[in-house]
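Asks: Need a 3D model of the sequence below.
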Amino acid sequence: MRPRVLCGTAVAVALFATACSGGGGTAGDAKPAPAAAATTFPVKVADCMGKETTFTEAPKKIVTSNASSLEMLLELGAGDRVIGTGFPPGKGYLPADVADQGAKVPVLGKTAIAKEKLLGSGADLYVDTFGAMKAMGGGMGAAPTAQEFTAAGINHLYLLSTACAATGKTAKTDLSDVEQDIKRLGAVTGTLAKADELTADMEKKTGAVAAALKDLTADQRPGYFFFDFDSGTKQPMAVCGKQVANAVITLAGARNVYGDCDADFKPVSWEDVVAKNPDWIQLGVRNRGSDAENQKAFDQAEQFLRTFPATQGLKAVQQGHFVRIGSEVTTIAGIRNADTVQQIAATIHPDLVKSGR
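Replies: Below is the predicted model of the structure:
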């Protein structure tokens, strides 16, 4: 997963500047480039379609759309500049090293931030996880236009790994987009040295798994189904090829049974899950705030699969092949995706990967 060098930026790191690329890839397929130890402004970054935004200095007041970009900024050491967030992290979600600081970030919206509140927040940067702010529907008014962001003095930066997922032409099979996001935020906030440290640690972890699984053949990759228990049991929600989870599952040495669907998420039927008959099922539950509550939720998800008539005969259920790892660290872009790769690999390939940490 070595990054390729791109050109055409105003800083000593290539930040998704696609106009000069000689290859045939699209914006959504771009890979991260090597970063320098410190940021030199101005910095240019581009959105999913290649439109560039220039940062002449590091932002002083940042609003994040949800816990994903918030966690990245906290880990980069830029958390003191975050003045608000939407979709706040649930209790117990953030890692211990940034949990206290994250808990102090004002919540501007329990879900998406209303347009008027975002534009009036006083922010000079909005980090958008979702792409085109689709989540700002539901009676909260239309999303701000580019002109409205400009009038409010707010630069708008997307997370490539999630907001641009739909524009990519290929499935996600590595964490390069996540690393790119961390490097972009590091460049924009003047924390590139920390971004390099974080992404190097991610590559060390996933590289160790890759080395352990280097002789794994395609038919030795077990079929794997991510069961999003919290999205409801009436109709399962599958993670598809363009979702971060597909990269996590692939790097861990498994085959996402829905990796070939051309989307990030897709509602499917239990009949279809039964037809795919996965070898392993991840019990994807969201953090409940304590180990005891998390284990209770895992138990409930497993009990459903063991007792639901449509799933109790599945190979994974019959063999007790359940992976107990939370939803957020699997489906939400962040540095902990690399830890999840290790943990899944150690569970499904215990003879090859001896430890999940």
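
Asks: Show me which residues of stretch 200-213 are buried.
Replies: 202-203, 205-206, 208-210, 212-213 (16 or more other CB atoms under 10 Å). Every C-beta, even on glycine, is put in place using the N, C-alpha and C of the backbone.

Asks: and it, average pLDDT?
Replies: Averaging pLDDT along stretch 200-213 yields 98.

Asks: who's in contact with stretch 304-319?
Replies: Contact with stretch 304-319 is made by 225, 227, 229, 233, 270-271, 273-274, 277-281, 321-322, as judged by CB atoms under 8 Å, 6 or more residues apart in numbering.

Asks: Drop anything exposed from the residues you listed.
Replies: 225, 227, 229, 233, 270, 273, 278-281, 321-322.

Asks: okay if I get these as a markdown table plus secondary structure?
Replies: Shown next, in a markdown table, are these (DSSP: H, G, I helix; E, B strand; the rest coil):
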| residue | secondary structure |
| --- | --- |
| Phe225 | strand |
| Phe227 | strand |
| Phe229 | helix |
| Thr233 | coil |
| Trp270 | helix |
| Val273 | helix |
| Pro278 | coil |
| Asp279 | coil |
| Trp280 | strand |
| Ile281 | strand |
| His321 | coil |
| Phe322 | strand |
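
Asks: Which member of those residues is positioned nearest Glu71?
Replies: Proximity of the buried ones among the contacts of stretch 304-319 to Glu71 (CB to CB) peaks at Phe229, which lies at 22.0 Å.

Asks: wait, isn't the closest one in contact with Val285?
Replies: Yes - Phe229 lies in contact with Val285 (CB atoms under 8 Å); the separation is 5.0 Å.

Asks: Overlap of the contact sets of those two?
Replies: In contact with both Phe229 and Val285: 297, 300-301, using CB under 8 Å, 6+ apart.

Asks: Could I have the buried ones of these as PyMOL selection syntax?
Replies: Listed next is the PyMOL selection for buried residues among those, using 16+ other CB under 10 Å:
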select buried, resi 297+301
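
Asks: List the ones among the shared contacts of Phe229 and Val285 that fall in strands.
Replies: In strands, defined here by DSSP state E, there are no members of the shared contacts of Phe229 and Val285.

Asks: of all the shared contacts of Phe229 and Val285, which comes closest to Ala252?
Replies: Nearest to Ala252 among those, with distances taken as CB to CB, is Ala301, at 19.3 Å.

Asks: which residues of this structure score low on pLDDT?
Replies: 1-39, 132-141, 355-357 (pLDDT under 70).

Asks: mind running it again at 90?
Replies: 1-40, 47-51, 90-92, 130-143, 163-170, 354-357 (pLDDT under 90).

Asks: so what are the domain limits for it?
Replies: Following the assignment in automatic domain parsing, the chain carries domains at 27-200, 216-348.

Asks: Serialize those domains to TSV and add fields for distance to Lys354.
Replies: Output for the domains of the chain, formatted as TSV (distance: least, CB to CB, whole Å):
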stretch	distance to Lys354
domain 27-200	22
domain 216-348	7
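
Asks: For Asp339, the count of nearby residues, please.
Replies: For Asp339, the neighbour count with other CB atoms under 10 Å is 20.

Asks: That one touches Thr330, doesn't it?
Replies: No - with contacts counted by CB under 8 Å, Asp339 stays clear of Thr330, the gap being 10.2 Å.

Asks: Just the ones in helices from the shared contacts of Phe229 and Val285, please.
Replies: Judged by DSSP state H, the subset of the shared contacts of Phe229 and Val285 located in helices is 297, 300-301.

Asks: which is the next helix or strand following the helix or strand harbouring Arg184?
Replies: Per DSSP states H and E: Arg184 is located in helix 176-189. Under the assignment DSSP H and E, the closest C-terminal helix or strand after helix 176-189 is helix 192-212.

Asks: before we move on, the earlier item: nearest to Arg184, of the shared contacts of Phe229 and Val285?
Replies: Once CB to CB is applied, the member of the shared contacts of Phe229 and Val285 that ends up nearest Arg184 is Ala297, at 33.7 Å.

Asks: Provide a list of residues in contact with that closest one.
Replies: Ala297 sits in contact with 229, 285-286, 288, where contact means CB under 8 Å, 6+ apart.
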